[in-house]
Every structure is written in C-alpha cells, then in structure tokens.
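Student: How does the following fold in three dimensions:
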Amino acid sequence: MGKEKRRILHVLPSRSYSGAENVAIQIIKGLSERYDCAYCSKPGPIEETCKVHGVNFIPIKSRTPYEIARISREWKADLVHAHGCRMAGMSVTAGLKIPVIFHLHNDPDFVRSINPFSILHFIACMRSAKVISCTTTILQQDVFSKYLRNKVIPINNVVDSKRIRELSNMGTCDKSYDIALFGR
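Tutor: Numbers count the residues shown, from 1 in each chain. As a prediction, the model looks like this:
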C-alpha cells in the first residue's frame, strides 16, 4: 500500500458561495493529486457547491476554536488552511498541534493603524506558520509589516479558465450591456 496523502483542512466562515469560497475550492481541486483536502464550514448552500465540484465537505457546528480543534482531530488533519481573519483567529487559538496557514482574501483598512482589530490580526499572523495574501499591500500598509516580512506569501487568486469557458457556452443572453466589471 502506498504512502497516505497529507491532509489539509480548509476552514471558512461562510455557508454560501462567493469569492473566498471559490478560491478555496480551486485550491482544493488543484492540490487533490498530492493532498487529501476537505472544505469545512457551517452547513448551508456551500455543501451543494462542494458536491458539484467533487470537494469533500465537513460540516462544523459553530465557528469556535473548540469546534475547529475537534474537527481537525477527528479528521486527522496535518495542516489547517484558515480562510479569513475570523477563521485564522479561531484556528490559532484552538490549541492545535499542527500548523495553521492564514489566507487573507482582502486588504482590510483596520491593519493600517494600531487598534484592537489590527492587534488581533497581528497575533493571528504571528501564530500562523505562513500568511497567504492575495495582494502585496499588506507588506506596505500593515502597521506591523516589518514583523510580517518572513510570514507573508503573496499569490494570485486561482482562475479555472476551463470552467469559465464552459460557463460561457451555457446558453445565450439576449440582453445588451454597456459596461462589465471583472475583478476581485
């Protein structure tokens, strides 16, 4: 029998499908050859989205450090990939014996000055093994940026071009538009 894949538990706060959830699903799909990944959040419409994409969904009862620790232990995770400030904070205070990766999906204004939120954000960053950011501005604008230089890894959001092409061929649109926006 071959070596078992390492397990990555992706924890997210939302029960519905949006930008961060899409990024998490694309990462899970992209790593599926090398890692056993699972998507973990409160139950909701996201369950069906995970099923459509062939992604293992693990429901969590509440967004608390205790629940994250319980799910991580029961699923035997080797790493927690915490998406967003709230889930990173919960994960780093859960007493996990495994590394936590903090995935920052936005550029929050509160990190530009010293305040209770920026201090909590800084603690979550420092207690995480690495911080993945969709932008490099955290390294320029975060009030604690000099302490984060060796922690932050900026990456571009994953785009599944094959899926976009498939979706573009799903029927026709008889409406006319003057403007369209593509962005994060």
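Student: residue nearest the centroid of the chain?
Tutor: Geometric centre of the chain, nearest residue: His83, 2.9 Å, by C-alpha atoms, centre = their mean.
Student: you'd agree that residue is up against Ile8?
Tutor: No: judged on C-beta atoms under 8 Å, His83 makes no contact with Ile8 at a distance of 11.8 Å. Just so you know, the C-beta spots here come from the backbone N, C-alpha and C atoms, and that holds for glycine as well.
Student: about what we covered before: list the contacts of the residue nearest to the centre of the chain.
Tutor: Applying C-beta atoms under 8 Å, 6 or more residues apart in numbering, we find His83 in contact with 10-13, 20, 23-24, 103, 105.
Student: And Ser113, how far from Val143?
Tutor: Distance, Ser113 to Val143, by C-beta to C-beta, to the nearest Å: 6 Å.
Student: Please apply the same query to Gly54.
Tutor: Gly54 sits 41 Å away from Val143, going by C-beta to C-beta.
Student: Which one of these two is surrounded by more residues?
Tutor: Using other C-beta atoms under 10 Å as the criterion, Gly54 and Val143 rank with Val143 on top: 16 against 10.
Student: excluding its backbone neighbours, what's nearest Met87?
Tutor: Nearest residue to Met87 in three dimensions, chain neighbours excluded: Val11, at 4.8 Å (C-beta to C-beta, 6 or more residues apart in numbering).
Student: How about the contacts made by the one you found?
Tutor: With C-beta under 8 Å, 6+ apart, Val11 has these contacts: 40-41, 60, 68, 71, 80-83, 87, 90-91.
Student: Mind checking which of those are in strands?
Tutor: 40-41, 80-83 (DSSP state E).
Student: could you say what helices and strands the helix or strand where Cys125 lies packs with?
Tutor: Here Cys125, judged by DSSP states H and E, is contained in helix 116-127. Helices and strands touching helix 116-127, by 3 or more C-beta pairs under 8 Å, 6 or more residues apart in numbering; DSSP states H and E, are helix 85-92, strand 100-104, helix 145-148.
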